[in-house]
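Peer 1: attaching a predicted model along with its sequence, questions to come.
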Amino acid sequence: MMFRINYRKVDRQYQFMLPDHRKQNLHGVTKKLISMQVRDPALCNRYYREVYLELAPAQLCVGGEIGRDACPGDSGGPLMLKRGTGKLDNQITSQVRWYQVGIVSLGPQHCGGKIPGIYVNLLNYIDWIEATVDTD
């Protein structure tokens, strides 16, 4: 099994992370992270109605906060969910694990505004991914 998250839907209470290529040091390889939230699909449908787009069941509406967005060139990049704290809790270390739950798909022409982006929801494809990817 490649990866398994113990829930079958993306919960809006979680914070999702996206690599921020805009703040990357030109001489380094360390990626910065942007924290974003999944939004109600109706919000994306309201914004994208003008261009005749409607969110499909296998898509996520994410972001929509000033300065927190995927930008041109980020398409195909990961939307990540961090589980665990990595901090000591009653002398037990919680292991940090990162899960890719989405793929940057499309968004407004000018990133970083109030319009959320649309992402592929990988949780709809987990069975296919696990059956297709060789884990040996």
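Peer 2: Noted; the coordinates are in hand.

Peer 1: only C-alpha atoms for contact and neighbour calcs from this point on.
Peer 2: Fine.

Peer 1: distance of the nearest residue to Cys44 once chain neighbours are set aside from Glu130?
Peer 2: Nearest non-adjacent residue to Cys44, counting by Cα to Cα, 6 or more residues apart in numbering: Cys61, 5.8 Å away. Cys61 sits 24 Å away from Glu130, going by Cα to Cα, to the nearest Å.

Peer 1: also Leu106?
Peer 2: Counting by Cα to Cα, the gap from Leu106 to Glu130 is 25 Å.

Peer 1: who has more neighbours, those two?
Peer 2: Leu106 (17 against 14; other Cα atoms under 10 Å).

Peer 1: surely the more buried one is in contact with Ile118?
Peer 2: Yes - counting by Cα atoms under 8 Å, Ile118 is a contact partner of Leu106 at 5.3 Å.

Peer 1: what about the protein, any weak spots by pLDDT?
Peer 2: Applying pLDDT under 70 to the chain flags the ranges 1-32, 85-94, 136.

Peer 1: who's in contact with Tyr125?
Peer 2: Residues counted as contacts of Tyr125 (Cα atoms under 8 Å, 6 or more residues apart in numbering): none.

Peer 1: going forward can the numbers begin at 45, since that is how I track them
Peer 2: Sure thing, new numbering starts at 45, so read that last one as Tyr169.

Peer 1: shouldn't it be within a helix?
Peer 2: Yes - Tyr169: assigned to a helix according to DSSP: H, G, I helix; E, B strand; the rest coil.
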